[in-house]
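In: no sequence on this one, just coordinates:
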C-alpha cells in the first residue's frame, strides 16, 4: 500500500509538471538536434488495424468497416492519434488486399463507400487521423488496366506494366517473393511476352517509367485526400523504379553491390527519387498530410534520401533491419534456435536512431501484418512471462525517439497462434513457400516449426474482444482460426484489470504525451552496449533527462548504475509493483522502468 501511495503521489506530481512543460514547449520550434518540432506525425502514436481481423458486423466471418465503426470508442480510449488501415480497396484477395483491382472502390467484404465516409467522420470527430495503404508498385492482375494490357502489345495499357518479349529469349532472372518457382517473370501467351511481378503472378508491377501511370497514381491519391484522409502508408514504394534494360544480375553482383539482398537491388532504381519528388510536388505538398514508406531494401546509408525534409519527398520510412534480425542466413524466416542476441538488437536500433539525429525522422515498430506477434518474436509468450514481456516491449516502443507504429492486439499481449497444419494457413507467402520446399524435397517439419514463430498469419488472427465464442469477433465462422487463449486474453477482461497489458499500454501512451520534450524529441544515448540482458538508454539532456531500463531476459538481473548517475527513487512507469532504488538495480524478469535523473 505504501508503494502504491508513493506511486500515486508521483503520478500527480508528474501530471502537473507535464502540464507546465507542455505550455512552455509550445514556444520552441526546434528540438536539440535541429529538427523542426510540432509536426503532428512526429508526436503521434500510430495504431495499425488489419480490417479483415478487427471486428465483423454481419456474421460472414470477415472484419469490415462497420465493425471498426462500432469500436471507435475503444480505439479512442487507447489514447492513440492515428489509425493506419491495411488495404480496404476492391480486390480478388490473392494477397489479402495487396492486389488491388479498383483503387477508388471499397472491397465488397468490407462494406461500401458510405461506410467509409461514416468511419472517417467518426474518427475525425474523436480527434483520430486516418491513414490508408497506397499499393502503387503493383496492381491486381484483375485490374482493368492489366486485363487490357495482356490482350496484345498494341493495347494502350500494355505500357502500364513491364514486359520482356519472348523473341529475346528468357528474361534475366529476378527474384519473386511469393510464387512457388521463385521467379518474378510470368509468360503471357497473347502478347508472347513475360510480365514482371516482384511478388506474386497475381500482382503485376506497374510501369512508373510511363508518365501516364504516374498520373493515374497521383489522381488516386488526390481522390482519397479530397475525401479527407490524413495520409498514406506506401507499400514497397522503394521498388517503383526499374532499370528497364533489365541487366543480368549474377549472385556475385548481388553480393558485391547489394549485400546479396534482392530488396536492396529493387530499392535502387535509377529514377526512384525523381518519382518521389514528383509525387511530393504534384500531391503531397498540396495536402501537407502524413507519408510513410515501407522501406523495403532501404539501408542506413540511403534512408535520408527519402525523408530529409530538404529533399521534398516523404515524411518517414520504416526499415526492416530490426524485424529481420535473429533469422538464420539463407533460410526463409527461420529463427535462430538459440534466440536473438540483445547486443545486436541494441546496435540496430541505436544505429537507426543516429541516422535521424540531425535531419529526417524515424519510425519504430516490432510487429505488423507482415510480422508475427511481437511478444512471441521478441518477448516470451509462455503463461508466466507473456504479460511482463509484452509490457516491457511496449515500454521500449513508446520511449524511443521515433514515431511508434503499434499493431492492433499487441496492447492485449496477443500472441502467435502457432498452427500445426499447413491447411490452417491463409497467407500466400507461407502456402507457396511450403510448396516450394516440398518440390525441392526440403524438410517440411522444420519449415512448419519455423512458421510457428515467423509466419505472417500469426498476427492476422481475429482480435480478441471477450471470452465468448470466436472471441466476440464474429457470430459466423471466422476467415482464419481464433487463438485459443482468447478466454483469458481479451479486451473485456483486461479493461477490468488495472495491471493488464491493455491498461499499461494506455499509461505508457499518456506518459509519452505528457513528456514529449524528452520521450519524443529528446536525445537518445545507449548505455552498457554489450550487456546481454539489459537494454538501457537515456532520453533528453540537462535537467530534463530520463533513463529507460529494460530487462530482456527471463531471469532476475542486477544492473549497476553508470558512475555518477543519480536517479529519483520512484519510477515514472514500472511494469511490476516493486522497485528498489540503489546504485545497483535489481530487475525482475522482463521488468521495465523509466526513471527521472537528478
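Out: Happy to help now that I have it. All values derive from a computational prediction rather than experimental measurement. Numbers count the residues shown, from 1 in each chain.
In: going forward, measure contacts and count neighbours with C-alpha atoms only.
Out: OK.
In: where along the stretch 301-450 of the chain do the helices fall?
Out: Using DSSP state H, counting those that start in this stretch, the helices found in the stretch 301-450 of the chain span residues 304-307, 321-324, 342-355, 374-377, 386-397, 428-439, 444-454.
In: Quick one: closest of those to residue 74.
Out: helix 386-397 (18.5 Å; CA to CA).
In: name the element residue 217 belongs to?
Out: According to DSSP states H and E, residue 217 maps onto helix 211-227.
In: what helices or strands is the helix or strand just after that helix leaning on?
Out: Counting by DSSP H and E, the element after helix 211-227 in chain order, helix or strand, is strand 231-234. Secondary-structure packing of strand 231-234 (3 or more CA pairs under 8 Å, 6 or more residues apart in numbering; DSSP states H and E): strand 129-134, strand 290-294.
In: model confidence over strand 231-234, on average?
Out: Computed over strand 231-234, the mean pLDDT rounds to 98.
In: Okay, now the sheet partners of it, with direction.
Out: Using DSSP bridges, the strands paired with strand 231-234 are strand 129-134 (parallel), strand 290-294 (parallel).
In: Tell me which of those strands sits most buried.
Out: Highest mean neighbour count among the strands paired with strand 231-234 (mean count of other CA atoms under 10 Å): strand 129-134, with a mean of 23.
In: so how far is that one from its chain's centroid?
Out: Strand 129-134 has its C-alpha centroid displaced from the chain centroid by 13 Å (CA atoms, centre = their mean, to the nearest Å).
In: mind starting the numbering at 68 from now?
Out: All set: I'll call the first residue 68, so the last point we hit is now strand 196-201.
In: Not counting that strand itself, show me its contacts.
Out: With contacts defined as CA atoms under 8 Å, 6 or more residues apart in numbering, strand 196-201 is touched by 148-154, 187, 190, 288, 296-302, 357.
In: now do stretch 259-270
Out: Counting by CA under 8 Å, 6+ apart, 161, 166, 205-209, 228-234, 238, 241-246, 251-255, 271-272 sit against stretch 259-270.
In: hang on, the earlier thing: so which of the helices and strands packed on strand 298-301 is nearest residue 557?
Out: If you check each of the helices and strands packed on strand 298-301 against residue 557 by CA to CA, strand 196-201 wins as the nearest, at 24.7 Å.
In: Toward the C-terminus, what is the element adjacent to the closest one?
Out: Next element after strand 196-201 (DSSP H and E): helix 211-216.
In: For the helix or strand just after that following helix, name the packing helices and strands.
Out: Heading C-terminal from helix 211-216, the first helix or strand you meet, by DSSP H and E, is strand 230-232. Counting contacts by 3+ CA pairs under 8 Å, 6+ apart, strand 230-232 packs against strand 260-263.
In: show me the contacts for residue 651.
Out: 625, 626, 627, 628.
In: Quick one, grab the pLDDT at the nearest residue to it once chain neighbours are set aside.
Out: The shortest distance from residue 651 to any non-neighbouring residue, by CA to CA, 6 or more residues apart in numbering, is to residue 627 (4.2 Å). What the model reports as pLDDT for residue 627 is 96.
In: From residue 148, how far out is residue 627?
Out: 37 Å (CA to CA, to the nearest Å).
In: can you tell which of the strands paired with strand 298-301 is closest to residue 340?
Out: Comparing those by their distance to residue 340 (CA to CA), the top pick is strand 357-361, with 12.5 Å.
In: any chance of the helices and strands packed on strand 298-301 in JSON lines, plus mean pLDDT and distance to residue 618?
Out: JSON lines is the format used below for the helices and strands packed on strand 298-301 (pLDDT from 0 to 100; distance: least, CA to CA, whole Å):
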{"stretch": "strand 196-201", "mean pLDDT": "98", "distance to residue 618": "34"}
{"stretch": "strand 357-361", "mean pLDDT": "97", "distance to residue 618": "29"}
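In: Where does the prediction get shaky in the chain?
Out: 68-105 (pLDDT under 70).
In: In which helix or strand does residue 344 reside?
Out: Under the assignment here (DSSP H and E), residue 344 is part of helix 339-346.
In: how about the residue minimising distance to the centre of the chain, what does it touch?
Out: Centroid-nearest residue in the chain, with CA atoms, centre = their mean: residue 435, separated by 4.4 Å. Contact analysis of residue 435 by CA under 8 Å, 6+ apart lists 115, 473, 474, 526.
In: From residue 497, how far out is it?
Out: Taken as CA to CA, the span from residue 435 to residue 497 is 16 Å.
In: And for residue 571?
Out: Per CA to CA, residue 571 is found 33 Å from residue 497.
In: what's the answer for residue 335, then?
Out: 27 Å.
In: With residue 570 instead?
Out: From residue 570 to residue 497 the distance is 34 Å (CA to CA).
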